[in-house]
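**Q** 3D model of this:
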Amino acid sequence: MKKFLFAVTTLCVLTGFAAADIQSPPGSHYTSTRKLGRAISNIIYGVVEIPEQIVRKSDSYGRKAGWTYGAVDGTNRVFRRLGYGFYELFTFTCPTYRGTFKPPYEKCGQDNRIEMNVHEGLSEFPPELGFESYYSHTRTQKF
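**A** Got it, this is the predicted structure:
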């Protein structure tokens, strides 16, 4: 009887591991509705890239570079976002990128493709402006 209970318990545990593996496939988060949302946000909010790049380039290279290089780079990103936005808007029902609904821009290698790096290339959705903060602006007090 103990061997039978041990075998049933082992079988249940192994079945649980197998079922957990197939519950959420890697591409399950990328659906046609997400692709449509990404297209609309790239078309509407892609313009946010201009002030975002001005701020980022100012932080990295100085104010003059921010207002010149950042503005030009931001405008370039706006046009890329518009292009991808309209492409994904017209093809949102079709899994166009390698048979999935993932974004068509990849990590940049030697062939200058569009990057997924937020700081140097396009992310999946346009950046947000406003009162968001990635850094702590408060001082810790020592007693």
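**Q** Stretch 80-92 - what's its average pLDDT?
**A** Confidence over stretch 80-92 (mean pLDDT, whole number) is 91.
**Q** who touches that stretch?
**A** Residues outside stretch 80-92 that contact it (Cβ atoms under 8 Å, 6 or more residues apart in numbering): 32, 35-36, 38-43, 46, 49, 101, 103-105, 114, 122, 126. For every residue, glycine as well, the C-beta is placed using N, CA and C.
**Q** cool, and stretch 40-50?
**A** Outside of stretch 40-50, the residues within contact range by Cβ under 8 Å, 6+ apart are 70-71, 74-75, 77-78, 81-82, 84-86, 88-89, 125-129.
**Q** For Ala39, grab the count of nearby residues.
**A** Look at Ala39: counted by other Cβ atoms under 10 Å, it has 20 neighbours.
**Q** Please read off the pLDDT at it from the model.
**A** Reported pLDDT for Ala39: 91.
**Q** which stretch of helix or strand covers it?
**A** helix 32-45 (DSSP states H and E).
**Q** now do Thr9
**A** Per DSSP H and E: helix 2-22 holds Thr9.
**Q** One more: Arg56?
**A** Counting by DSSP H and E, Arg56 is part of helix 49-61.
**Q** Show me which residues of that helix are buried.
**A** Across helix 49-61, burial judged by 16 or more other Cβ atoms under 10 Å covers Glu49, Ile50, Glu52, Gln53, Ile54, Arg56, Lys57, Ser58.
**Q** Over to stretch 65-80?
**A** Buried, per 16+ other Cβ under 10 Å, within stretch 65-80: Gly66, Tyr69, Gly70, Asp73, Gly74, Arg77, Val78, Arg80.
**Q** Excluding chain neighbours, what is closest to the fourth one?
**A** This means Asp73. Gln53 (4.9 Å; Cβ to Cβ, 6 or more residues apart in numbering).
**Q** now the one you found: how far from Thr68?
**A** 11 Å (Cβ to Cβ, to the nearest Å).
**Q** again with Ile54
**A** Ile54 is 9 Å from Thr68, where distance means Cβ to Cβ.
**Q** Now Thr100, what are its backbone angles?
**A** phi -130, psi 180 (degrees, to the nearest 10).
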